[in-house]
Structure formats: C-alpha cells, structure tokens
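Chemist: Here is a sequence with its predicted model. Questions after.
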Amino acid sequence: MSPSTYKIKSPLMGTFYSAPGPGEKPYVEVGQQVNASDVVCVIESMKVFTELRTDKGGFIKTILVENEELVMKNQDLIEIEIG
C-alpha cells in the first residue's frame, strides 16, 4: 500500500452491499471520485444496516469484495487513491 492509498475496512462481520438495494446503482465504482464522508457501501449484520463512509477524498482504486459477500471484521473492502 502506497502512502497515497487509503483502505476502508469493515468495522464488523456481516454482508457487504455495494448498492442501496437490488437493481440499484452502486454507491461507488472504480475510478469514481469521492469526497470525505461519502457513503461507499453498507454492511448488514443481524438485520442492522451500517453505512460506511470514507474519511478522505480521492478516487476509488479497487473494490476488493463482491456485492452480498460475507466479510469479516477489519477486512479490507475498498482502496481509495487520495488526491
């Protein structure tokens, strides 16, 4: 990981959702510009949906998991190139 890359990690174990609902546009896509506090995905655990927001602005470099994939606590989900 270069100093100009920021990783969003899962704060809990659950299901990763890249969009607000089935058939809807994803929150973010590779290459998209994001600003600090933008929602980038949702993690669902025990019927509770937690929005994950970026702390820093930049461009989405990589989305490391697939929609509806089970993720573990502290797992890397999205890489953002700061800039």
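Modeler: Here it is on my side, so go on.

Chemist: Run a quick neighbour tally on the closest residue in space to Q75 that isn't next to it in sequence.
Modeler: Closest residue to Q75 apart from its sequence neighbours, by CB to CB, 6 or more residues apart in numbering: S10 at 4.8 Å. Quick note: C-beta positions are derived from backbone N, CA and C, even for glycine. Neighbours of S10 under the rule other CB atoms under 10 Å: 21.

Chemist: who's in contact with S10?
Modeler: Residues near S10 by CB atoms under 8 Å, 6 or more residues apart in numbering: 16, 43, 52, 71-75, 77.

Chemist: Identify the farthest-apart pair in the residues you listed.
Modeler: Farthest pair in the contacts of S10 (CB to CB) is L52 and M72. Separation: 14.3 Å.

Chemist: and which of the contacts of S10 is nearest G31?
Modeler: Closest to G31, out of all of the contacts of S10 and judged by CB to CB, is L77, at 16.8 Å.

Chemist: and the closest one, how far is that from L52?
Modeler: L77 sits at a distance of 7 Å from L52 (criterion: CB to CB, to the nearest Å).

Chemist: got it, and V40?
Modeler: 6 Å.

Chemist: Now do the shared contacts for the two.
Modeler: 8, 77.

Chemist: who touches the residue lying closest to S37 once chain neighbours are set aside in this structure?
Modeler: Nearest non-adjacent residue to S37, counting by CB to CB, 6+ apart: R53, 5.1 Å away. Residues counted as contacts of R53 (CB under 8 Å, 6+ apart) are 37-40.
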